[in-house]
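Enquirer: Let's see this in three dimensions:
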Amino acid sequence: MSLKEKIEALKQESAGKIPEDAKKVMQRATEDLVKSGIEENIPKIGSKAYDFTLQNFDGTEITLSEETQKGPVILSFYRGGWCPVCNLELNYLQSRLSDFQNYGANLIAVSPELPEYANETVERHNIKFPVLYDTDNKVAAKYGLVFKLPDDLVEIYEKFGLDVAKHNGNDKFEIPIPATFVVDRDLTLKYVFGKADYNQRAEPDDIIEVLKKL
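Expert: Down below sits the predicted model:
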């Protein structure tokens, strides 16, 4: 089953649990974000990746340019462990990790979530790749991914028990749109996928097709 199919199944499963008024708020927020043109801010294929050093969930530091010296890097930005679709994506990526590694690629995930919560996500899904803490979305902003959650959507999330402020360690309510990049050894972007609709995620099979050519 593809990642898209798994996400669709999750949507169908949760549809009956979400009140209609909440669905409308969530749908409108997504539509407004799409209309905002945020996707135009994302770096294009052929441009250079922004280099960075961030803390892994276990406290170690990881630098993108050092990792690319070992081989291509699949760089995946996600919203946080509070997001069911993000959890599904991380779990799916873990299931395909060996496929990526067969082509010499490393996988790195990045979110604005505090390390303690990232660690919970890692343990819950038995993640074997780095999950980095992007304080206040500083790196995600360099990739043009950051936006502020609208107030009415924050209220909905909080009713669902999704405490974004607690997970991020601030009350800015800023998160990245989910995005995936394939970064070559010289930091050139060979693949770019970023969508304002958080239900749309990069397919591992598409990523592998890119890796085959590197």
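Enquirer: show me what contacts the residue nearest the centre of the chain?
Expert: For the chain, the residue nearest the mean C-alpha position is residue 78 (1.9 Å; Cα atoms, centre = their mean). Taking Cβ atoms under 8 Å, 6 or more residues apart in numbering, we find residue 78 in contact with 86, 89, 90, 109, 110, 111, 176, 178. From N, CA and C alone the C-beta is placed, and that goes for glycine too.
Enquirer: Helices - which of the residues you listed land there?
Expert: 86, 89, 90 (DSSP state H).
Enquirer: out of everything not next to it in sequence, what's closest to the second one?
Expert: To tie it back to what came earlier, the one meant is residue 89. residue 201 (5.1 Å; Cβ to Cβ, 6 or more residues apart in numbering).
Enquirer: how near is that neighbour to residue 18?
Expert: Distance, residue 201 to residue 18, by Cβ to Cβ, to the nearest Å: 20 Å.
Enquirer: More neighbours: which of the two?
Expert: When residue 201 and residue 18 are compared for neighbours, residue 201 comes out ahead with 25 against 13, by other Cβ atoms under 10 Å.
Enquirer: what about that one, which SS state?
Expert: What DSSP: H, G, I helix; E, B strand; the rest coil gives for residue 201 is coil.
Enquirer: Quick one: residues contacting the residue nearest to residue 89.
Expert: 3, 4, 7, 85, 89, 178, 180, 193, 195.
Enquirer: Near the last one, how many other residues are there?
Expert: Here the neighbour count serves as a burial measure; for residue 195 (other Cβ under 10 Å) it reads 19.
Enquirer: Was I right to think it contacts residue 39?
Expert: Yes - applying Cβ atoms under 8 Å as the test, residue 195 and residue 39 come out as touching, 6.6 Å apart.
Enquirer: okay, and the common contacts of the two?
Expert: Taking Cβ under 8 Å, 6+ apart as the contact rule, residue 195 and residue 39 both touch residue 177.
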